[in-house]
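J.: Would you be able to build a 3D model of this:
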Amino acid sequence: MAGGVGGGVSPLGPAPPMWYHRDLSRAAAEELLARAGRDGSFLVRDSESVNGAYALCVLFQKHVHTYRILPDEEGFLAVQTSQGVQPKRFKTLPELVSLYLQPSQGLVTTLLYAVDREETAVSDDRDYSDGEDEKPPLPPRSASTSTPPGPDTPTDSAPAANGLSTISHEYLKGSYALDLEAVKQGACSLPHLNKTLVASCKRLNGEVDKVLSGLEILSKVFDQQSAFMVSKMIQQSVNQGGDQELENLVTKLAILKDLLSSIEKKALKALQDMSLSSPCSPPPLSMRHSKAIPVQAFEVKLDVYLAELTKIGKSQKYTLSVDVEGGRLVVMKKVKDSQEDWTTFTHDKIRQLIKSQRVQNKLGIVFEKEKDKSQRKDFIFASAKKREAFCQLLQLMKNKHSNQDEPDMISIFIGTWNMGSVPSPKSVASWVLCRGLGKTLDEMTVTIPHDLYVFGSQENSVCDREWVESLRAMLKEQTELDYKPIAAQTLWSIKIAVLVKPEHENRISHVGMSSVKTGIANTLGNKGAVGVSFMFNGTSFGFVNCHLTSGNEKIARRNQNYLDILRLLSLGDKQLSSFDISLRFTHLFWLGDLNYRLDMDIQEILNYINRKEFDPLLKVDQLNLEREKNKVFLRFAEEEISFPPTYRYERGSRDTYVWQKQKATGMRTNVPSWCDRILWKSYPETHIVCNSYGCTDDIVTSDHSPVFATFEVGVTSQFVSKKGLPKSSEQAYIEFESIEAIVKTASRTKFFIEFYSTCLEEFKKSYENDSQSSDNINFLRVGWSNKQLTTLKPLLSEIEYLQDQHLLLTVKSLDGYESYGECVLALKSMIGSTAQQFHTYLSHRGEETGNIRGSMRVRVPSERMGTRERLYEWISVDKDETGGPKGKSTLVSRVGHEYVKPSVVRKQLGELGKVSEEGERSSKEETAARPKQDAPDGDPSISKNSYNNPAYYILEGVPNQSAAALSPELLPSPTSTNPQVAKAPAPSAGARTKPSYVGSGHSHSRRPMTGHPVRAISEEGSSEDDGGTFGSTLNRPPPDFPPPPLPKGALEMVAETPFPKSRPLYPDLAEVRIPAASPAPPLALGEGFRRGGGGGGVGPGALDDQSCSVLQMAKTLSESEFPGQPPRAPSAPPLRGQPMGIGLEASRTFPPRNPIPESIAEDMPEEALWGSSSSSLSVGESSVGEWLQRLGLERYEQGLLHNGWDDLEFLSDITEEDLEEAGVLDPAHKRILLESLRQQQPQQQQK
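T.: Residues are numbered from 1 along each chain as shown. Coordinates of the predicted model:
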């Protein structure tokens, strides 16, 4: 709730009025007003830009106008009107609103119709099926080892701790007058000021004494003369006081300055003298006790080429021995008579490792030979896991013997465990060593210490200090290193602890901690999240550990928990308050008991688990389904799950799932589920690879199994320019030629852009947009030309520095200064003398709100162009090979938001046409291998319900207001935003049902976008020369749940469907135009829409234009099936035996849960959402839903859809028996329907 008014009067009056919607988001407010649909509809919400302020939102002529209501110094409220009306002040909001209920008060319209909030009953977080107590547990008695400020705790405690602010004010208010009087009487000193300064510096005095005491020890070793002076000063400081105390402090500071500036030189000279007599210096303390990595040997075979087959008789078996400590690789070949031929390569002679993408256990090694010549040898390892272990060891060797002062790459362990409110067993070594089920590390690398360990726990009853110390002891036992805790945060029994290698302790800075309660009424901490953030040199990290609402059916509540945490967790740079935490960090990791369940019958789940078939279960995993709808974890990534569900086991064993429990309220069912998860989100063009993701199988004290994941992460150093600050002639510039954004809003205000980056001294603003247009009331296209965009000057101009930097953008309104969308861009791809194009999505409060594209360049002077190869760039993927590995590829180095250069788009035109419905089969020819240094990755399949999807932009319950509801200008090209679609590794035949999730910013394959029977769809951007098909398994909005898989024959039938001539994928932006509005009647929504059914009533002026992307829709729309236009080629008929996205009760594999109304964008059938050359939903002027509504028989829509009759084109041969099966029993109604269909047939033939 927003802030109060002075005098103790609540700004909301005695009780909050129903038109006050608290912290409702701007987008949600606009949607509510759009549903209301009447001019003068209004509501009030909290301002997103100013704490304690409000936003008055008014609907007028289908546009939403926003007015800020600001409190003044006295707490009175006033509206900032845009008409220049003298503001009137009010004590409470109801008083203010009552004035504007009267006409002619300066607003765009009189307030007429209040839009009330929906009062929902307080959701009880109890889940009896989970065995939770009826009363939530009390917070643990033990105090936290660190009490970091949460969102309810003031973070700025420095003035209170220092005392300077308070003491200074007291002096200026009182003692100042006494000193003034003394000076008037001839005094030469200010005793009261002196006393104030002494009191203010009291802590400083003590700190200086501590530092001098420490330096005294060093000076006694390296410099006897300084040691005597330091000792003397310390002794004097003890004896002195009173008037001389301040003078003595100044003297000590002067000596401290001299001592600090000279001690290092004197220590160096002393050590150099010592080294002459004792050449063997002791190792650094941090390395003294670390466990030496033993030499590891790998049995391999040389990959023989055809040209070498003549060399018969020579053994092709080799042994590769890696000596990490010695920095050597020994390549040993066995020859005749048991003799061995071996060659030793030092770490600097190994130039590159090249992983084969097609053969997962093949690795090419490039060795440096004499005279700058190199030689490549390809080896076949025993398994892919052995190859990964070899690569990790060589990277570790390179890092260990690198001449770089700072690391380019670190390894991170992340673990999450719901401990079930019982202490952990004596040993949890399998957890930290990643031993168990799923994707695990090879035994050769499992004992290598990680740089960072992050432990998240839920229902942890152990006191904080004991928990952290037990983790340190466990790591000490396994690694022989004394890891340092850098942060620990607790919310009741939810805990997170971060420990770092001793050698990295000084590389950690800006540590922040926070927590958010999401328990009952968001006031109890039995559910919620804790978070930690910090900088590792120049790279920002965030870690969130959460425990979300339990219960099979509480999906919406879990989604809301996530959004609350995303918005309220106070982590990272405070300057980035406009951005949620998913954009504040280079790498953000989200772990915990997320509590999402499986929507499937318990017996079928158990059968699949027994057969170790996890793919059908992952298709009904609630988290996966919600992510596909873009409800949660927008653009996050998760490694493939290859371990059994981690919940709910019988305690004491891992052989049995306990899925039933008798409670007072009845028998409760807990299906086995993957409640415990680890996801991440990284900036574009950064390096991150997940090397393991699994669970233990030997820790049995809880009903959850601990989950682990390890990551290889690229980091940047705190860059120091060797050439100093740039002169004007050597200054780098970030220049924008133009920017265009499409934002999801009914507002028509003006906008500006704010730019944030660590490479900028402060954030910068653009001027207001100089172009603005819209043919859809729910969307606005705004543009900035070059003259409206400021040129940015980075702090440093070296290319080595700039290629690691990112730029954060937020699009804000001029009326309320609220953000309408944020994004992040990597500067690396923008460096050059010519402008490069970028294109990415906008998001706000976890929701996708539009997209942004533009043209920019980063100009770097030639004097600052020197760079170096990063350690993680030392390993690449074989360029010359094509093919897709089985399952997901972990070789991809970059994740994040999609943006491309024009050259990349052109390169992809042909390849995109080759993606077929057989995305789950072997597709060697379709998958193009690439090195990590290639263009940034996009999603392997174009994301449903994203800014690529036309129907995503339709608000739930709101009729489309123009024929251009899916205007070409409003949506980007799916191919242009996802350049790596064709390049993403496709699963092989062996991965028949392997899930391939949409990118979430990650280039791992995601589950194909099926949701209804597959039909042929013409992808407007497919190249005629390539002649391929654009897979219907891509670009699909999800139903409420997945249908059964299609038979193989259906896929083959679709793949063979002929396609019409294609059109250009990326037309010139000047050609893109939005068609004029059609006089079609407004759309009335049927029940089938809300249920995600097959054929809801979409009129020709709404979705039947079937646009497929922003950059090609101008031409598409001109040839779409508007009235009077001839149809394009027919699509393949539906599979009559298959249910059409609703009424899938026939499928026992995927039983539907109770339908929850979702937005139209998510629940429309695919054919209504995606551009195809044939609209099987649009014959004549109606679809099934609208046709039934026109006849007044919409009650039968659900029954027809349930039986697969979702298309008028195929309804023409429906019989009376078919109608009866669909629930049409009234003979008169049957006659009306059949007669109407007969009248449709001539229209269809004419077309």
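J.: Only C-alpha atoms from now on, for both contacts and neighbour counts.
T.: Noted.
J.: Count the residues that sit near G1192.
T.: Residues lying near G1192 (other Cα atoms under 10 Å) number 11.
J.: what secondary structure does it sit in?
T.: On the three-state scheme (DSSP: H, G, I helix; E, B strand; the rest coil), G1192 is labelled coil.
J.: what's the spacing between it and H1229?
T.: With the distance defined as Cα to Cα, to the nearest Å, G1192 ends up 10 Å from H1229.
J.: For stretch 434-451, output the C-alpha coordinates as CSV.
T.: Output of stretch 434-451 as CSV, limited to C-alpha atoms (Å, rounded to 0.1, in the frame of the first residue of the first chain):
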residue,chain,number,x,y,z
CYS,A,434,27.4,-34.7,-7.6
ARG,A,435,27.0,-38.4,-7.3
GLY,A,436,23.7,-40.1,-7.9
LEU,A,437,21.2,-40.0,-10.7
GLY,A,438,20.9,-37.9,-13.8
LYS,A,439,23.7,-36.0,-15.5
THR,A,440,26.6,-36.5,-13.2
LEU,A,441,30.3,-35.6,-13.3
ASP,A,442,32.9,-38.2,-14.3
GLU,A,443,34.8,-39.8,-11.4
MET,A,444,38.0,-38.2,-12.6
THR,A,445,36.7,-34.7,-12.1
VAL,A,446,34.3,-35.2,-9.3
THR,A,447,36.8,-34.3,-6.5
ILE,A,448,38.1,-31.2,-8.2
PRO,A,449,37.0,-28.3,-5.9
HIS,A,450,34.7,-25.7,-7.3
ASP,A,451,35.3,-22.0,-7.0
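J.: What residues sit buried inside that stretch?
T.: 434-436, 438-442, 444-451 (16 or more other Cα atoms under 10 Å).
J.: So which of the residues you listed belong to strands?
T.: G438, K439 (DSSP state E).
J.: Spatially, which two of the buried residues of stretch 434-451 are the most separated?
T.: G438 and D451 (22.5 Å; Cα to Cα).
J.: for the longest helix anywhere in the chain, which positions count as buried?
T.: The longest helix of the chain (DSSP state H) is helix 244-277. For helix 244-277, a neighbour-count test (16+ other Cα under 10 Å) marks E245, L246, N248, L249, K252, I255, L256, L259, I263, A267 as buried.
J.: Next: stretch 483-492.
T.: Buried-residue list, stretch 483-492, by 16+ other Cα under 10 Å: Y483, K484, P485, A487, A488, Q489, T490, L491, W492.
J.: try stretch 342-353
T.: Result for stretch 342-353 [16+ other Cα under 10 Å]: buried residues F345, T346, H347, K349, I350, Q352, L353.
J.: Of those residues, which belong to helices?
T.: Among the buried residues of stretch 342-353, no member falls in helices (criterion: DSSP H).
J.: In CSV, list those residues along with pLDDT and distance to F633.
T.: Listed next are those as CSV, based on pLDDT from 0 to 100; distance: Cα to Cα, whole Å:
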residue, pLDDT, distance to F633
F345, 92, 45
T346, 92, 44
H347, 90, 41
K349, 90, 43
I350, 92, 40
Q352, 91, 36
L353, 92, 34
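J.: Pick out whichever of the residues you listed sits closest to T196.
T.: Using Cα to Cα, the buried residues of stretch 342-353 come closest to T196 at H347, 61.7 Å.
J.: Enumerate every residue touching the nearest residue to the closest one once chain neighbours are set aside.
T.: Excluding the flanking residues, the one nearest H347 by Cα to Cα, 6 or more residues apart in numbering is G327, at 5.2 Å. G327 sits next to T346, H347, M397, K398, H401 when contact means Cα atoms under 8 Å, 6 or more residues apart in numbering.
J.: Quick one: residues contacting the third one.
T.: In this case it means M397. Counted by Cα under 8 Å, 6+ apart, M397 has contacts D323, V324, E325, G327, H347.
J.: Kindly recompute the last result at 7 Å.
T.: V324, G327 (Cα atoms under 7 Å, 6 or more residues apart in numbering).
J.: Helix, strand or coil: sort out it for me.
T.: helix.
J.: That one and E505, how far apart?
T.: 21 Å.
J.: Contacts for stretch 87-105, please.
T.: So stretch 87-105 is in contact with 5, 10-13, 76-80, 110-112, going by Cα under 7 Å, 6+ apart.
J.: Single out whichever of the residues you listed has the smallest pLDDT.
T.: In terms of pLDDT, the lowest of those is V5, showing 42.
J.: picking up where we left off before, tell me which of the buried residues of stretch 434-451 is nearest to F636?
T.: K439 (19.3 Å).
J.: Arrange the buried residues of stretch 342-353 in TSV, one row each, with distance to L218 as further columns.
T.: Listed next are the buried residues of stretch 342-353 as TSV, based on distance: Cα to Cα, whole Å:
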residue	distance to L218
F345	42
T346	39
H347	37
K349	41
I350	42
Q352	45
L353	46
